[in-house]
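1. Any chance you can model this:
(one chain, ligands or ions: 1)
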Amino acid sequence: MATSKKASKGTTTPKYIFVVGGVMSGVGKGVTTSSIALLLGSRGLNVTALKIDPYINVDAGTMNPTEHGETFVLKDGLETDQDMGNYERFLNKDLPALNYMTTGSVYLSVIQKERNLEYGGRNVEVVPDIPHEVISRIKKAQQAAQADVALIEIGGTVGEYQNVLFLEAVRMMKTQHPDDVAVVMVSYLPVPGSIGEMKTKPTQTAVRTLNSAGVFADIIIARSPAAVDQKRKEKIATFCNVRAENVISAPDVGSIYDIPLNYENDKLSERLCQVLGISTQKAPDLAAWKKFVARSKSNNDVVKIAVVGKYFNSGDFVLSDVYISVLEAIKYSAYSLNLKPEITYLGAQAFADKDKLKELKKYDGVLVPGGFGKTGIDGKLNVIEYVRKQKIPYFGICYGMQLMVLEYAKNVLKLKNASTEEIDAKAEHLVVGVMAEQREKIAKKEMGGTMRLGQYEAVLKKGSLAAKAYKSTQIIERHRHRYEVNNAYVADLEKAGMTFSGTSPNGDLMEIAELPTTTHPFFLGVQFHPELQARPLAPHPLFTAFVRAAYESKK
Ligand code: GLN
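-> Numbering: from 1, shown residues only. Okay, the predicted model is just below:
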């Protein structure tokens, strides 16, 4: 197999770090992978990160967000898992579609290759052909990035049937490149209330399960409510076949941005470099990250933002993961303005009752994020009308922009029978309609990966609120939608005071709508998803403009 010709910064051959989970899911494999990426990057290494998800879905675009969380869209348009968002945010770089795979996508390409006779007529089998496909994708991603280190997170936990073939790929890679592959297991050590002691047994069992797949952990990240003491580190070392200094304590923390710094307290990046034979001459430079973390903790003035969405409620639980990029984008901008964000999640459905709208007075700004379908629409339209009239800063994203335009058409243009084609295709005034390119796809039920996805350029009107925020009239943003503002209504909407301040370069697609700041402090909607490009060390200009307007309007 080909490897990168490049040798740099203490590595002579590309290195691969696999991150797997033990005991249970949801204990932070994604943030661990992101943190390792940040730490190795801070040592001057060129790092890339991949996610492997074990489901049959070919991408994450067809899953209900209440089950799966946010769909994160990469710049080249692939719909992926929210972990990809964490990698991009921690690494502060865009990642390509090559860096994401699912069981479904891997099988699909193996089957396609078989149909194209690419296996030369031989018997194509689950083993080794599926792991070989996985390995070839990992190597392609490493090469494309010219990465010194490729991190690969394997979704799920060891012991699930679902990810056995991915562990098989790890085993094969370790055999091929014994000095260049490291395995990090993120495990959980419970402290049962009735016992009051941290228990290592579930981790021991998980390690044994991993070993039975022929894979051995080099590093164990010991996730737990409390820090792991030396005694338990030694116990884990003895029973799990790792060195005690390779057991990294990972207690619960208030903010995920503390995690890389915590890992460094236990010298994680040094340990990994040692395992992989990477020179550690260059110490980690975490100054910018530390500054960001310090800002996030300082006791600044509060800015109160309400996010009105429909996916927050799941049984008795509140899910905020569905909007994770939006929530993080608000935080980065607030921190950059030396403000302390207080974000409240409000279920849109409740605002169908207009008496509830008064509640919105408590907030300095209101944001309606992306969404699909009927649920919560009446509530969202009521919210938008209320904040428009009350002059509470409003930021609408994707569906939040479409509904902002629809609300204006209904209540200002007085088009009573107005709707979006997504909800009522028979309405008299389809102020938001299906995009021309989408109509046929919907008719043929080709719904997977077929929306308008990924990066597109837009041009902005000079002097508009948007152009001032971006300090530019040319932007590139990521999209995910099937519907758009119907151009037949644009002239009337503009006559009634709304400006379409951003369009596609040929002027066909309305990408940004706003009201002049002489009539409202901040009332702006975007057809794209700016949150996907917001980074801790590079906050998004529109979020910053919104948060600033929210804070100023409260004064
Ligand atoms: N449902 C709308 C569309 O498909 C908005 C999509 C979104 O908010 N991501 O156009």
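
2. Touching whichever strand or helix holds D83 from outside, list them.
-> With secondary structure defined by DSSP states H and E, D83 is part of helix 82-91. Here helix 82-91 makes contact (CB atoms under 8 Å, 6 or more residues apart in numbering) with 29-31, 33-35, 37-38, 41, 47-49, 51, 69-72, 74, 94-95, 99-100, 151, 153, 256, 260, 321, 324-325, 328, 532, 534-536. In short, each C-beta sits where N, CA and C put it, glycine included.

3. same question, stretch 286-295
-> 38-39, 42, 255, 257-258, 260-261, 264, 335-336, 338, 536-537.

4. Widest-spaced pair of those residues?
-> L39 and N338 (26.7 Å; CB to CB).

5. Next, the buried residues of stretch 110-120.
-> Under the neighbour-count criterion of 16 or more other CB atoms under 10 Å, stretch 110-120 has V110 buried.

6. Repeat that for stretch 389-402.
-> The neighbour-count check on stretch 389-402 (16+ other CB under 10 Å) flags I392, P393, Y394, F395, G396, I397, C398, Y399, G400, M401, Q402 as buried.

7. From the contacts of helix 82-91, list the buried ones, please.
-> Neighbour-count burial within these applies to 29-31, 33-35, 37-38, 41, 47-49, 51, 69-72, 74, 95, 99-100, 151, 153, 256, 260, 321, 324-325, 328, 532, 534-536; the criterion is 16+ other CB under 10 Å.

8. which bits of the stretch 451-555 of the chain sit near the ligand?
-> Contact residues (CB under 6 Å from any ligand atom) of the stretch 451-555 of the chain with the ligand: R480, H481, R482, Y483.

9. hang on, I meant the chain
-> So far as CB under 6 Å from any ligand atom goes, the chain lies against the ligand at G370, G371, F372, C398, Y399, E422, R480, H481, R482, Y483.

10. please redo it, this time with the cut-off set to 8 Å
-> 369-373, 397-400, 402, 420, 422, 432, 435, 451, 480-484, 527, 529 (CB under 8 Å from any ligand atom).

11. Could I have the buried ones of the residues you listed as ChimeraX selection syntax?
-> Buried residues within the residues of the chain next to the ligand, by 16+ other CB under 10 Å, are selected in ChimeraX with:
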select :369,370,371,372,397,398,399,400,402,420,422,432,435,451,480,481,482,483,484,527,529
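
12. Which of the residues of the chain next to the ligand fall within helices?
-> Secondary structure from DSSP state H places Y399, G400, Q402 of the residues of the chain next to the ligand in helices.

13. ok, how many other residues are close to the residue nearest to the second one when sequence neighbours are not counted?
-> In this case it means G400. Once flanking residues are discounted, G400 sits nearest to V368: 3.3 Å by CB to CB, 6 or more residues apart in numbering. Counted with other CB atoms under 10 Å, residues neighbouring V368 total 32.

14. With P96 instead?
-> 15.

15. now the helix or strand harbouring I135, how far from the centre of its chain.
-> Assigned by DSSP H and E, I135 belongs to helix 126-145. Helix 126-145 sits 23 Å away from the centroid of its parent chain (CA atoms, centre = their mean, to the nearest Å).

16. Also stretch 403-413?
-> 31 Å.

17. now do stretch 186-205
-> Stretch 186-205 sits 30 Å away from the centroid of its parent chain (CA atoms, centre = their mean).

18. Quote the end-to-end distance of stretch 25-34.
-> 16 Å (CA to CA, to the nearest Å).

19. got it, and stretch 41-52?
-> 21 Å.

20. what are the ranges of the strands in the stretch 51-200 of the chain?
-> In the stretch 51-200 of the chain, the segments counted as strands under DSSP state E, counting those that start in this stretch are 71-73, 79-81, 100-102, 149-154, 181-188.

21. quick revisit: any chance of TSV for the ones in helices among the residues of the chain next to the ligand, columns pLDDT?
-> Shown next, in TSV, are these (pLDDT from 0 to 100):
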residue	pLDDT
Y399	97
G400	97
Q402	98
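
22. Out of these, which comes closest to the ligand?
-> Nearest to the ligand out of those is Y399 (CB to the nearest ligand atom; 3.5 Å).

23. So what does the closest residue to the closest one other than its chain neighbours look like in phi/psi?
-> Counting by CB to CB, 6+ apart, Y399 lies nearest to G371, which is 4.2 Å off, once chain neighbours are set aside. The phi and psi values for G371, taken as degrees, to the nearest 10, are phi -180, psi 180.

24. in the helix holding I135, what counts as buried?
-> Neighbour-count burial for helix 126-145 [16+ other CB under 10 Å]: 129-131, 133-135, 137-139, 141-143, 145.

25. can you put these in JSON lines and add pLDDT?
-> As requested, these are exported to JSON lines (pLDDT from 0 to 100):
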{"residue": "D129", "pLDDT": "97"}
{"residue": "I130", "pLDDT": "97"}
{"residue": "P131", "pLDDT": "97"}
{"residue": "E133", "pLDDT": "98"}
{"residue": "V134", "pLDDT": "98"}
{"residue": "I135", "pLDDT": "98"}
{"residue": "R137", "pLDDT": "98"}
{"residue": "I138", "pLDDT": "98"}
{"residue": "K139", "pLDDT": "98"}
{"residue": "A141", "pLDDT": "98"}
{"residue": "Q142", "pLDDT": "98"}
{"residue": "Q143", "pLDDT": "97"}
{"residue": "A145", "pLDDT": "97"}
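
26. Out of those, the closest to the ligand would be?
-> Each of the buried residues of helix 126-145 was scored against the ligand by CB to the nearest ligand atom, and A141 proved nearest at 26.6 Å.

27. That closest one contacts A150, correct?
-> Yes - with contact defined as CB atoms under 8 Å, A141 and A150 form a contacting pair (6.2 Å).

28. any shared contact partners between the two?
-> Common contacts of A141 and A150 (CB under 8 Å, 6+ apart): T48, L50.

29. and L39 and N338? which has more neighbours close in?
-> When L39 is set against N338 and neighbours are counted by other CB under 10 Å, the residue ahead is L39, at 25 against 11.

30. How about that one: what's its closest non-neighbour residue?
-> S269 (4.0 Å).

31. Looks to me like that neighbour is in a helix.
-> Yes - applying DSSP: H, G, I helix; E, B strand; the rest coil, one finds S269 inside a helix.

32. for it, what are its contacts?
-> Contact partners of S269, counting by CB under 8 Å, 6+ apart, are I36, L39, L40, S42, R43, Y263, P284.

33. which ones among the residues you listed are found in helices?
-> Of those, the ones assigned to helices by DSSP H are I36, L39, L40, Y263.

34. Closest residue of the stretch 101-250 of the chain to the ligand?
-> For the stretch 101-250 of the chain, CB to the nearest ligand atom, closest residue to the ligand: T102, 20.5 Å.

35. Quickly note the distance from the nearest residue to that residue once chain neighbours are set aside to G155.
-> Nearest residue to T102 in three dimensions, chain neighbours excluded: D53, at 4.5 Å (CB to CB, 6+ apart). Using CB to CB, to the nearest Å, D53 is found at 4 Å from G155.

36. list the residues that contact both of the two?
-> Residues touching both D53 and G155 by CB under 8 Å, 6+ apart: D81.

37. out of those two, which sits in the busier spot?
-> The neighbour comparison of D53 against G155 (other CB under 10 Å) goes to D53, with 26 against 22.

38. Contacts only, for the more buried one.
-> With contact taken as CB under 8 Å, 6+ apart, D53 is in contact with A60, D81, Y100, M101, T102, T103, G155.

39. so can I have JSON lines of those showing distance to A306 and pLDDT?
-> Formatted as JSON lines, those follow (distance: CB to CB, whole Å; pLDDT from 0 to 100):
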{"residue": "A60", "distance to A306": "27", "pLDDT": "92"}
{"residue": "D81", "distance to A306": "27", "pLDDT": "93"}
{"residue": "Y100", "distance to A306": "32", "pLDDT": "98"}
{"residue": "M101", "distance to A306": "37", "pLDDT": "97"}
{"residue": "T102", "distance to A306": "34", "pLDDT": "97"}
{"residue": "T103", "distance to A306": "38", "pLDDT": "97"}
{"residue": "G155", "distance to A306": "32", "pLDDT": "92"}
